[in-house]
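K.L.:
take this sequence and fold it.
(one chain, ligands or ions: 1)
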Amino acid sequence: MAATVKEVLPPILDSTSQPPPLFDGTTRLYTNLQCPFAQRVWITRNYKGLQDKIKLVPIDLANRPTWYKEKVYPENKVPSLEHDNKIIGESLDLVKYLDTHFEGPTLLPHETAKREFAEELFNYTDTFNKTVFSSFKGDTAKEVGVAFDYLESALEKFEGPFLLGEISLVDFAYIPFVERFQLFLQEVYKYDVTTGRPKLATWIAELNKIDAYTETKPDPEYVVNFYKKRFLG
Ligand SMILES: N[C@@H](CCC(=O)N[C@@H](CS)C(=O)NCC(=O)O)C(=O)O
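P.N.:
Predicted structure coming up:
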């Protein structure tokens, strides 16, 4: 389960850094400490208690080491996982991979109805993100409401504070984005995503009780400034 002592994060590797000894049997999660896609995998790794089994390798995306693209992951994105002499990418594939290939609590329930709903929710994540991003340039409150109403209804489906009732990979797929959108919408548009959405408010509060997640949260000021620069110029 979650580590009780906060993990000391390894140094961030940039274009001046040597690569780690690749394919030496060590399992490595190439990541970036501000990336919401990578955060999904980071939370999963922490929740399953794999801190000692999966080494974090933070990468400076603004000043990327060339060996990352050449020797590790030709897509040149994070996250990627080095495991069993191969490299795997794509955050949603990776959270499922971690769940099935490593020890620790199982993070997808077996019931068919929950499995099916998990797939529906995984499939909606891109639409969710795109809807919110495009709302920044349009009628924000109205457009963003559609995406957050979807989550509020999803949270009504099963008993329990999480998207499938009990905690699962689906929560870890959404929270990195919800967290960032919540900060930005509040700061710039004075739009509180939890107003009129009690289930969403509880979901966020419950996740914030979990160290595996809170230890991965980015600096709020960084998030707001990053989105301001990217979307407001
Ligand atoms: N679909 C990918 C998206 C990963 C992604 O876009 N990561 C960003 C950082 S948050 C990245 O590596 N960007 C570098 C680039 O696109 O060159 C996933 O889910 O893992």
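
K.L.:
what's the distance between the residue sitting nearest the centre point of the chain and the ligand?
P.N.:
By Cα atoms, centre = their mean, the mean C-alpha position of the chain lies nearest to Arg40, the distance being 2.6 Å. Spatial separation of Arg40 from the ligand under the definition Cβ to the nearest ligand atom, to the nearest Å is 8 Å. To be clear about C-beta, it is placed using only N, CA and C from the backbone, and glycine gets the same treatment.

K.L.:
residues near the residue nearest to that residue when sequence neighbours are not counted, how many?
P.N.:
Closest residue in space to Arg40, ignoring its immediate chain neighbours: Ser91 at 4.6 Å, by Cβ to Cβ, 6 or more residues apart in numbering. Summarising burial for Ser91: neighbours were counted as other Cβ atoms under 10 Å, giving 24.

K.L.:
Ser91 contacts Pro79, correct?
P.N.:
Yes. In this structure, Ser91 is within contact of Pro79 by Cβ atoms under 8 Å, at 5.6 Å.

K.L.:
what's the neighbour count on Tyr213?
P.N.:
The burial metric for Tyr213, expressed as a neighbour count using other Cβ under 10 Å, is 24.

K.L.:
tell me the pLDDT of it.
P.N.:
The confidence metric pLDDT takes the value 98 at Tyr213.

K.L.:
tell me which helix or strand it sits in.
P.N.:
Per DSSP states H and E, Tyr213 falls inside helix 211-214.

K.L.:
return the list of helices and strands in contact with that helix.
P.N.:
For helix 211-214, the elements it packs on are helix 36-47, judged by 3 or more Cβ pairs under 8 Å, 6 or more residues apart in numbering; DSSP states H and E.

K.L.:
after the helix it packs on, next one along is what?
P.N.:
Scanning the chain past helix 36-47 towards its C-terminal end, the next helix or strand to appear is strand 54-58 (assignment: DSSP H and E).

K.L.:
ok, and what's touching the helix or strand just after that following strand?
P.N.:
Per DSSP H and E, the first helix or strand lying C-terminal to strand 54-58 is helix 66-67. Residues external to helix 66-67 that are found in contact with it (Cβ atoms under 8 Å, 6 or more residues apart in numbering): 15, 19.

K.L.:
how is the chain divided into domains?
P.N.:
In the domain annotation for the chain, the residue ranges read 27-101, 112-232 (automatic domain parsing).

K.L.:
how about CSV for these, with distance to Pro11 added?
P.N.:
Formatted as CSV, the domains of the chain follow (distance: least, Cβ to Cβ, whole Å):
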stretch, distance to Pro11
domain 27-101, 8
domain 112-232, 17
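
K.L.:
in contact with the residue nearest to Arg40, which residues?
P.N.:
Neighbour list for Ser91: 37-38, 40-41, 79, 173 [criterion: Cβ under 8 Å, 6+ apart].

K.L.:
one step back: what touches both of Ser91 and Pro79?
P.N.:
When contacts are counted by Cβ under 8 Å, 6+ apart, the set common to Ser91 and Pro79 consists of 37-38, 40-41.
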